[in-house]
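Trainee: have a look at this prediction, sequence included:
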Amino acid sequence: MGTPLYKLLLLLTVVSECSCIQWPSSEQYRLTFLEAENRQLKDRLVDVTNQANAETHKANVRINENKAEINENKAETNQAYTRVSNVLSQLVQHLEDEKPKQVSFYATALNDTYRPVHGDTLIPINVPLNQGNGFDLSTGKFTAPFNGTYSFKAGRWGYGSLPSSFYYGNVYLAVDGKQEPWVVTSFDGNNDAVSFKAIVSVRAGQSVWLQAGGKNHWSFKGSHSNWFSGFLVSSDP
């Protein structure tokens, strides 16, 4: 027996109505899925960015703290270095001050001098010893580098051809032009020698030299018998 006619009509009506509904396509489903996934990725990116910013901030704080600590340590190191340098400088200066001050000179021979007049400086030719570089060969003068007590010695050899009463001479030690101990000698017309020594207090910067006195009727030869020497006995504080 066949299907009743009314049932067939009902079925056709239902099919007709279903065919009019707009069902989503597969492309629309894909687009909706991508949009949802994009929103999730954006939210995740915001979270990661915030977390990275927070970690960066923490790192910057630690870096600044470390910089401050480094600067503090550097300042302390510089201060310690300055203190050590000052102590070393003081130690070096103390050792320098305590080191014995060695000053001495020995000058020999004279420029040939015929009957020197009063005030002439007797200038040596050679300076075999000049410890402390206090003796100036060009001027014949010794300049004291330190305050102290100095010992000076000198030897002079003169010659002449007349009777001894006509030949005599003065030689003295001058400190900045002031006469210190002086020596007078006479000889019989051939050769004669004179020597002296003196202990003198001299200030740093003062000059000491041999100077001819008055009434010099003899001559000096450039011999090693003519010499002038001196040395520092003790320095003053």
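Mentor: That came through, no problem.
Trainee: how much space is there between the spatially most central residue of the chain and S235?
Mentor: Centroid-nearest residue in the chain, with Cα atoms, centre = their mean: S89, separated by 10.7 Å. The spacing between S89 and S235, counted by Cβ to Cβ, to the nearest Å, is 21 Å. Glycine gets a C-beta too; all of them are placed from N, C-alpha and C.
Trainee: so which bits of stretch 124-139 are buried?
Mentor: Residues of stretch 124-139 classed as buried by neighbour count (16 or more other Cβ atoms under 10 Å): 124-125, 127, 130, 132, 134-136.
Trainee: next step: those restricted to strands.
Mentor: 124-125, 127, 130, 135-136 (DSSP state E).
Trainee: list the beta-bridge partners for S201.
Mentor: Taking DSSP bridges as the rule, S201 bridges to T149.
Trainee: quick check: pLDDT value at it.
Mentor: pLDDT, S201: 93.
Trainee: again, but for G119
Mentor: 82.
Trainee: out of the ones in strands among the buried residues of stretch 124-139, who's nearest E55?
Mentor: N130 (76.0 Å; Cβ to Cβ).
Trainee: ok, now which ones touch that closest one?
Mentor: If a contact means Cβ atoms under 8 Å, 6 or more residues apart in numbering, then N130 has 105-106 as its contacts.
Trainee: name the SS class of K101, please.
Mentor: Under DSSP: H, G, I helix; E, B strand; the rest coil, K101 falls in the coil class.
Trainee: beyond the helix or strand of the chain with the lowest mean pLDDT, next helix or strand please.
Mentor: Lowest mean confidence among the helices and strands of the chain (mean pLDDT, DSSP states H and E): helix 5-18, at a mean of 53. Next along the chain after helix 5-18, taking DSSP states H and E as the criterion, comes helix 26-98.
Trainee: how about residues contacting the following helix or strand past that next one?
Mentor: The helix or strand immediately downstream of helix 26-98 is strand 104-110, counting by DSSP H and E. Contact with strand 104-110 is made by 122-132, 134-135, 137, 140, 142, 220-224, 226-232, as judged by Cβ under 8 Å, 6+ apart.
Trainee: name the strands paired with strand 104-110 and say parallel or antiparallel.
Mentor: Sheet pairing of strand 104-110 (DSSP bridges) gives strand 124-131 (antiparallel), strand 227-235 (antiparallel).
Trainee: mean pLDDT and distance to K178 added to those strands, as JSON lines?
Mentor: Shown next, in JSON lines, are these (pLDDT from 0 to 100; distance: least, Cβ to Cβ, whole Å):
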{"stretch": "strand 124-131", "mean pLDDT": "93", "distance to K178": "21"}
{"stretch": "strand 227-235", "mean pLDDT": "94", "distance to K178": "16"}
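Trainee: got these as JSON lines, with distance to F33 columns?
Mentor: Below are these laid out as JSON lines (distance: least, Cβ to Cβ, whole Å):
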{"stretch": "strand 124-131", "distance to F33": "103"}
{"stretch": "strand 227-235", "distance to F33": "103"}
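Trainee: of those strands, which approaches A59 most closely?
Mentor: strand 227-235 (65.2 Å).
Trainee: what's around K101, how many residues?
Mentor: As a burial measure, K101 scores 13 neighbours (other Cβ atoms under 10 Å).
Trainee: once you drop chain neighbours, what's closest to it?
Mentor: Spatial nearest neighbour of K101, chain neighbours left out: S235 (4.9 Å); criterion: Cβ to Cβ, 6 or more residues apart in numbering.
Trainee: and that neighbour, what does it touch?
Mentor: With the criterion set at Cβ under 8 Å, 6+ apart, S235 makes contact with 101, 146-148.
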